[in-house]
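**Student:** no sequence on this one, just coordinates:
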């Protein structure tokens, strides 16, 4: 009887103290929270909690070194640049601090980008001047420009530099992160599909100290921000529509998701509807009255290749519309 009891206790102890999968998955973030407090004090601990509380599930096993470096250089930028020193806490947390934007490959980009971008913005006096300088000079410095021959749309900085090419999303990821590396609040914005159905587009929004402004990535305009080839198309967006509206990314939870056209079943990227910044109230009302979004995909099998198919709409009376 004693032997049986001993074995049972031993088995229970082994079960209680064995590292569970949950414990293993959480250990990186637990360690990050502890180190953030030790290395950076209360400010670092608060920032670490914000990242942890809003992180997507895909980042459960992210590298600890990446998290520490990201936090370190984000806090450095906050102290180094005049436009960052007076930032609202929410803006810093949500639009400077994050180590990623959408579902791009996670990599430790912050230190190297901080060094590159700092040399470009060293004479800028405002966030607008700094963002303009980055858009004008950075892409030539790293030798990355628009090219549809890139491997995927949502490339990380490193992936785009390795290829020397990217399309709108990859270019926007570069510029958003470059801005963040020098303390400029920035986020990716765009549409999952234009009003006429010809496809998606993404661009960059930056905080100028008073308002959100926009620019195309690697599309520097010497006349300033809020000047881009897509403004007329953006004015025809439909507010509230996850596909035809203009949305901007958010790290904190908003109750809405950023629709990634390259990964449209993923609901992990939070977003805010910014359509009103691109279309007048009257235009938004007109767009809403003419748009009803229905997403239909035809595949060879449940998880198979997408197919092109003719679609016919029939109304309640059985008439082709």
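**Tutor:** Nice, I can see it. As the structure is a computational prediction, the values presented were derived from the model and not from experiment. Residues are numbered from 1 along each chain as shown.
**Student:** residue closest to the middle of the chain?
**Tutor:** Closest to where the C-alpha atoms of the chain average out (Cα atoms, centre = their mean) is residue 101, at 2.0 Å.
**Student:** Now it, what are its backbone angles?
**Tutor:** Backbone geometry at residue 101, expressed as degrees, to the nearest 10, gives phi -120, psi -60.
**Student:** Likewise for residue 189?
**Tutor:** As for residue 189, its main-chain torsions (degrees, to the nearest 10) stand at phi -130, psi 160.
**Student:** shouldn't it be in contact with residue 201?
**Tutor:** No: Residue 189 is not in contact with residue 201 according to Cβ atoms under 8 Å; the separation is 9.5 Å. From N, CA and C alone the C-beta is placed, and that goes for glycine too.
**Student:** where exactly do the strands run in the stretch 1-150 of the chain?
**Tutor:** 145-146 (DSSP state E, counting those that start in this stretch).
**Student:** re earlier: list the contacts for the residue nearest to the centre of the chain?
**Tutor:** Going by Cβ atoms under 8 Å, 6 or more residues apart in numbering, residue 101 touches 173, 176, 177, 187, 188, 249, 269.
**Student:** go on, residue 194?
**Tutor:** By Cβ under 8 Å, 6+ apart, the residues touching residue 194 are 200, 201, 233, 236, 244.
**Student:** Also residue 209?
**Tutor:** Contacts of residue 209 (Cβ under 8 Å, 6+ apart): 83, 126, 127, 128.
**Student:** Recalculate using a threshold of 7 Å.
**Tutor:** Applying Cβ atoms under 7 Å, 6 or more residues apart in numbering to residue 209 gives the contacts 83, 126, 127.
**Student:** returning to that earlier point: which pair of the contacts of residue 194 spans the longest distance?
**Tutor:** With Cβ to Cβ as the measure, no two of the contacts of residue 194 lie farther apart than 200 and 236, at 14.5 Å.
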